[in-house]
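Structure for this input, please:
(chains A and B)
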2 protein chains.
Amino acid sequence: MKKSLWIAFTLLLLTLMLVGCGRDKEPAAEDLGEALPADALAVASERGLSPDDIRAALMTYTPSGILDEYIMFASGGHSGNVIAIGMPSMRILKNIAVFTPESWQGYGYGSTDSETVLNQGNVNGVEIRTGDTHHPALSETGGEYDGDWLFINDKASARIAVIDLRDYETKQIVKNPLLINNHGSTFVMPNTEYVLEESQYATPLGWEFAPISEYKEKYRGLMTAWKFDRETGRIDPELSFGIEIPPYWQDLCDAGKLVSEGWAFCNSFNTELATGGVEQGNPPFEAGVSQRDVDYLHIFNINKAAEVAATEGKYEVMNGMRVIRMATAVEEGILYLAPEPKSPHGADVTPDGKYLVVAGKLDPHVTIYGFDKIQKAIAAGNATPDEFGVPVLPFDEVMVAQVELGLGPLHTQFDGEGNAYTSLFLDSALTKWSLGGDDPAGYKLLEKTPVQYNVGHIAAAEGDTVSPDGKYLVALNKWAVDRFVSVGPLLPQNLQLLDISGDGPMKVIYDMPMGIGEPHYAQIIKADKIESWNTYPEVGWDPLTQSPSEFATKAGEESIVRDGNNVTVNMTAIRSHLTPEHVPLKQGDHVTWHITNLETAHDATHGFQLGGYNISLSIEPGETTSFEFDAVNSGTYTYYCTEFCSALHLEMMGYMFVEP
Amino acid sequence: MKKSLWIAFTLLLLTLMLVGCGRDKEPAAEDLGEALPADALAVASERGLSPDDIRAALMTYTPSGILDEYIMFASGGHSGNVIAIGMPSMRILKNIAVFTPESWQGYGYGSTDSETVLNQGNVNGVEIRTGDTHHPALSETGGEYDGDWLFINDKASARIAVIDLRDYETKQIVKNPLLINNHGSTFVMPNTEYVLEESQYATPLGWEFAPISEYKEKYRGLMTAWKFDRETGRIDPELSFGIEIPPYWQDLCDAGKLVSEGWAFCNSFNTELATGGVEQGNPPFEAGVSQRDVDYLHIFNINKAAEVAATEGKYEVMNGMRVIRMATAVEEGILYLAPEPKSPHGADVTPDGKYLVVAGKLDPHVTIYGFDKIQKAIAAGNATPDEFGVPVLPFDEVMVAQVELGLGPLHTQFDGEGNAYTSLFLDSALTKWSLGGDDPAGYKLLEKTPVQYNVGHIAAAEGDTVSPDGKYLVALNKWAVDRFVSVGPLLPQNLQLLDISGDGPMKVIYDMPMGIGEPHYAQIIKADKIESWNTYPEVGWDPLTQSPSEFATKAGEESIVRDGNNVTVNMTAIRSHLTPEHVPLKQGDHVTWHITNLETAHDATHGFQLGGYNISLSIEPGETTSFEFDAVNSGTYTYYCTEFCSALHLEMMGYMFVEP
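Modelled structure (predicted):
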């Protein structure tokens, strides 16, 4: 033993000398060596760290002031938000408010901008202030994440949001006028021309009332292609369109890229057309929708659909949206089906755009389809119609290979070296397997690594682009029993970071509890691709329009203007005072209050809360924010800066007097 | 150099052999040694980690499945919530919804329990759904955190919340009927008899309207002692009382312990009685309140006050609360003042209860007061009244020592070895200094360590108890420029973890971005002190009352009951179906909907969202949750489980039909 240790130390010395050469900002390797014996190794031993743990600690530790290499944007699930996470440190950098109000950011607590955005998502007059975010999509240019925009869906009420990555704020919510739920969204085309949104559970289009007995006749699915305008930074509903599809339940999608650009692929379940009603003695949905051994992959020619949707007479307008009816979609070659093994979850296009991987969920295989084969099968014309008249391409003509991976394949990601990674929900494992091109024998299971408890989606660094980075893979696990200190019956989710670099086996290197949401999917982008702003471009900025605000107030021009019962307050904020410090009102006044943060320094945010009136704002450097309220109650109220901004922050306050 | 390395390696060998002895579950030290050269050290070098970084990485890394030793409960500031963080990993375990709705937890998105709690905090009919949490306080028994309850204040609207640590849920919000803002709260007595809440900015009691010109006559502060009943787990307003105090602005408090048990200490600023109005040519508050070189430490005899508040004729009832008027407080020996250097922030009682440390903020010293000296000064009767008739004890008679620390002393914590730690906001540094007992010469600055950007509060492990643990200290910094990858103009806050163990210098070992709130203060408890529940005690549990729910539904007893336009749905949830799966309604129905989660397995939570109707629930194993709504819009709606619970989770859905 002693001898082997001495050999190890000699190796250590050589390694240290080797890695120490020619590095400038990094510590000399000798320093590392000297630091370890007395100190660090004792710590490791005392804390019971294994050699693997030590390596993992050194891979993920991000020293004070050192920036993370990647940012992961994870959906928050039923938190309704999106969470920005630094990688490899796995630290939460920001919870971005989207469909749900968030008080720290002043989103949905009075600010006119945020109320405007949230109200865009209301449903027939019902104020919706929650959501269920699932699949974030970064904007792409040439199939690469470009770091400009982020899109996310709300499954619960079928809405799409647009987030501007210059300031990490939600700028638009679009309510789908024909759907009341979605799932297969958001997915973007390789140049972000369209943001795709597909329904999940079928309802009549426009979610009109119709008894379940009329399921086959009246219930439908819909693929929606939302046109995104980079100039305005908004989805343009006028230029968007839908494609009617059968009332199967649609699940996940992916957009084609490179050779398959302009196409989209979505899988489905409940091709049984089960309608549930366990309380009436029917099979419950879980059984009813899981009877057939195959469901249908949906294949869309989006470019062709865009042409058709622009041709008078070929579309109908329903609830204000252009819709290509199912018969037209079939006739025009916009929609095809292909059999796919049982109740699949993920549909993922390979980085080269040539193949599509479908994960079987209730089948132990992933099935690989060839885009070229699909095109040939379409041309061959051997399709047979399903019960809605949609052509079903022969499985043998479109399938390239099947790989048996294990139980519950859910979702697939890729590295840049010809490998695919698929999560196994039931096996609680990740698999690595080789892509074989057109050669079925080239598709081989290479490796299987356990993770803790059921894994849903996985996300790889730059994983949905035409050039994935490899390096890191995140498993978005669904259960977390015994992983973390107990915090009551509601547990955090568990995100596990894996090292997939080099040729070594995949290794879990970090467990990250997620106690603020339930991420379903994430995308991971190189941090330096995002050029976000440190402050707004000029003082008096309106973040919603990203232009100067008409309500900006300059220093020295603060005022309180009364017009009958309408009072307008024009306020400024700068360390460490709010001007004016007295706001005299009369009970019953309608108050419009603008605040301009005069700061130009990075991080010089001022918050604002008005007690007793449910107002919470976050006013970033240069921002002008507005809010309105009725002074229903008389009294002496206090407002103050809520963001600890200076040594005299507590002094940054004022009185609002409401005279009875 | 070579020689010194060989010596270092010999030391390493000895260390390894030493720490390797007699440990069972920890890896053999030889394994550590062998693992390092080839692998871990290369990683460290490649990532540019310094020896200090390596040590920090090994101190904070918490391997997969290994539990954190401590839980830190940090206020979320204007997020209105509380955040539970594992230590030393600094991972967010749960964002606990308190004053602000949180959709992931189903808090404030329809569930009757949560709406009931949130509505307790409304202000004269105005629905308040935001807040500004500042100072969490863990319940104590004998001056030790007991892990049962957590209290937190809302500064913006003067409210206190009670969180049950069995399930980490907010059970009660109490609105102070006399205050519209607070700050010096929450602080608990050593056996949690009372939860203390003190006003910050003076207003007339009950925040009645009164012009600022009547400031001295009509504006007042208030110390509130909220009686906490452990049996019911609720604050009892009937048994609570207030003590009227001068219209100085009160700041932070601490409760006495051991010898000083039954007393409380709060500092103040604006003893100038400045009333602001910069827009009228007056000095702004920041200048007006900072003119005097001394402010007043407020010293309360809470036990005596409790007696007086129980004596008919000695209190007045104002807005339903018993109030000891200022004159009575003076007469009965309940309230004393003592001079304290300029605009202090923290007032912190030493673990032995014998001394009180006041941090000067605008003075470079901390000032140490002796409880014994205070008692003697009171007995000596040399006090002179302030302008409100409150006795001011002579500074020289109560002060034990002053220690010059640097610029902007804010807040002090303690270890178990006779040391104190004080944050310096302006110096962006932490200080360590010795407590000297009654000997002024024993108080000495020992060490000063820079942190990154302005540090507000600090929190030490078990730091507010009679027996602090030392070991870890957290700096709650207020700015974070260049610490993290840019995420737009609103930056995360930065919490920095410091190693204060042993005799070595304090070291920053982890930077933790806080992108979901702005923590002001935190308390850190040994994780094993909290006995939280993994599931609710029985199926059909109401978490608000912590008892069986009258609305629990058993499997097989699900129903939909119509009574005119009132419809009651009795639903169950279990992997992987909701029963019933069809809910037929008529437009205009008022719907009361109960869901019982039949699961008994740990982590078997089901979520629930109803699209188009703004309902989001989280139903933990065993829980019964209710919600109500009016079916204002007709249509075919879908509801489903939002928490990915099984391979057939997507199939766990149902239809709600609203017939026009």
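
Which elements pack onto the strand or helix carrying residue A:584?
Following DSSP states H and E, one finds residue A:584 within strand A:582-586. On a contact count with 3 or more Cβ pairs under 8 Å, 6 or more residues apart in numbering or on different chains; DSSP states H and E, strand A:582-586 meets strand A:653-659. Backbone N, C-alpha and C define where each C-beta goes, glycine included.

and residue A:99, that one's in a helix?
No - read with DSSP: H, G, I helix; E, B strand; the rest coil, residue A:99 is coil and lies in no helix.

doesn't residue A:122 make contact with it?
No - checked against Cβ atoms under 8 Å, the pair residue A:99 and residue A:122 is beyond contact range at 11.2 Å.

what is in contact with those two at once?
Counting by Cβ atoms under 8 Å, 6 or more residues apart in numbering or on different chains, the common neighbours of residue A:99 and residue A:122 are residue A:128.

returning to that earlier point: next one: the next helix or strand after the strand holding residue A:584 to chain centre, how far?
Downstream of strand A:582-586, the next assigned helix or strand under DSSP H and E is strand A:590-597. With Cα atoms, centre = their mean, to the nearest Å as the basis, strand A:590-597 stands 33 Å off its chain's centre.

can you check stretch A:246-263 too?
With Cα atoms, centre = their mean as the basis, stretch A:246-263 stands 18 Å off its chain's centre.

how far does that stretch stretch from start to finish?
Length of stretch A:246-263, first residue to last, Cα to Cα, to the nearest Å: 19 Å.

just stretch A:276-296 next, same as before
One end of stretch A:276-296 to the other measures 20 Å (Cα to Cα).

Flag the shaky bits of the stretch 301-450 of chain A, pLDDT-wise.
Regions of the stretch 301-450 of chain A meeting the criterion pLDDT under 70 are absent.

Tell me where it has helices.
A:302-309, A:326-331, A:371-380, A:395-398 (DSSP state H, counting those that start in this stretch).

Can you add mean neighbour count and distance to residue A:420 and give those helices back as a markdown table?
Output for those, formatted as a markdown table (neighbours: other Cβ atoms under 10 Å in any protein chain shown; distance: least, Cβ to Cβ, whole Å):
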| stretch | mean neighbour count | distance to residue A:420 |
| --- | --- | --- |
| helix A:302-309 | 20 | 24 |
| helix A:326-331 | 18 | 30 |
| helix A:371-380 | 17 | 16 |
| helix A:395-398 | 17 | 18 |
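
Strands of the stretch 151-300 of chain A, start to end?
Ranges of strands in the stretch 151-300 of chain A, per DSSP state E, counting those that start in this stretch, are A:159-164, A:169-175, A:184-188, A:194-198, A:203-204, A:219-229, A:234-245, A:249-255, A:263-269, A:294-301.

I'd like to know which of those lies nearest to chain B.
Chain B lies closest to strand A:203-204 among the strands of the stretch 151-300 of chain A, at 4.3 Å (Cβ to the nearest Cβ).

Kindly provide the whole-number mean pLDDT of that closest one.
The pLDDT scores in strand A:203-204 average 98.

do that strand and chain B meet?
Yes - contact of strand A:203-204 with chain B (Cβ under 8 Å from any Cβ of the partner chain) involves A:203-204.
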